[in-house]
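Student: Quick one, fold the following:
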Amino acid sequence: MPNIKSSKKAVKVIAKKTDNNHELKARVKNLIKNCDLAIKDGDKEKATALYNDMKKNIDHATSKGLVKSNTADRQKSRLSKKIKEMK
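Tutor: Reported below is the predicted structural model:
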């Protein structure tokens, strides 16, 4: 444990930021999985709604530096292609 007051505060801030970042990354991963499941089930409306939500969250994660931009673009592209191919 740190002894200096500013270091103690920094530990708390880092812990809070880590939790928030982990939550956002987990939300993105879950939305991708749920969107894939909706595509497999053939529910285009649900898949489209989940895709829009996922796109918003993954862009937010990219702006924070949690996900690389090429990775985010690839994931969005793959899901949008799958949704467009649905009948």
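Student: For stretch 62-73, list every residue counted as buried.
Tutor: For stretch 62-73, a neighbour-count test (16 or more other Cβ atoms under 10 Å) marks Thr62, Leu66, Val67, Ala72 as buried. No exception for glycine: its C-beta is placed from N, CA and C like everyone else's.
Student: Do me a favour and get the backbone dihedrals for the third one.
Tutor: Right, the one you point to is Val67. phi -130, psi 140 (degrees, to the nearest 10).
Student: so how many other residues sit close to Ala38?
Tutor: Residues near Ala38, counting by other Cβ atoms under 10 Å, number 21.
Student: Please apply the same query to Asn30.
Tutor: Neighbour tally, Asn30, other Cβ under 10 Å: 13.
Student: Pick the one among the buried residues of stretch 62-73 closest to Ile39.
Tutor: Ala72 (18.6 Å; Cβ to Cβ).
Student: That closest one contacts His60, doesn't it?
Tutor: No - contact criterion Cβ atoms under 8 Å: Ala72 and His60 do not qualify, at 10.0 Å.
Student: Next up, the contacts around Met86.
Tutor: Neighbouring residues of Met86 by Cβ atoms under 8 Å, 6 or more residues apart in numbering: Ile39, Gly42, Lys44, Ala47.
Student: Any of those residues buried? List them.
Tutor: When those are checked for burial by 16+ other Cβ under 10 Å, the buried set is Ile39, Ala47.
Student: What is the nearest of the contacts of Met86 to Asn20?
Tutor: Set against Asn20, the nearest of the contacts of Met86 by Cβ to Cβ is Ala47 (27.5 Å).
Student: which residues touch that closest one?
Tutor: The contact partners of Ala47, taken as Cβ under 8 Å, 6+ apart, are Cys35, Ala38, Ile39, Lys82, Ile83, Met86.
Student: mind listing what the first one touches?
Tutor: Read it as Cys35. By Cβ under 8 Å, 6+ apart, Cys35 lies in contact with Ala47, Leu50, Tyr51, Met54, Leu79.
Student: go on, the fifth one?
Tutor: With contact taken as Cβ under 8 Å, 6+ apart, Ile83 is in contact with Ile39, Lys44, Ala47, Thr48, Tyr51.
Student: Can you report phi and psi for it?
Tutor: Backbone torsions of Ile83, given as degrees, to the nearest 10, read phi -70, psi -40.
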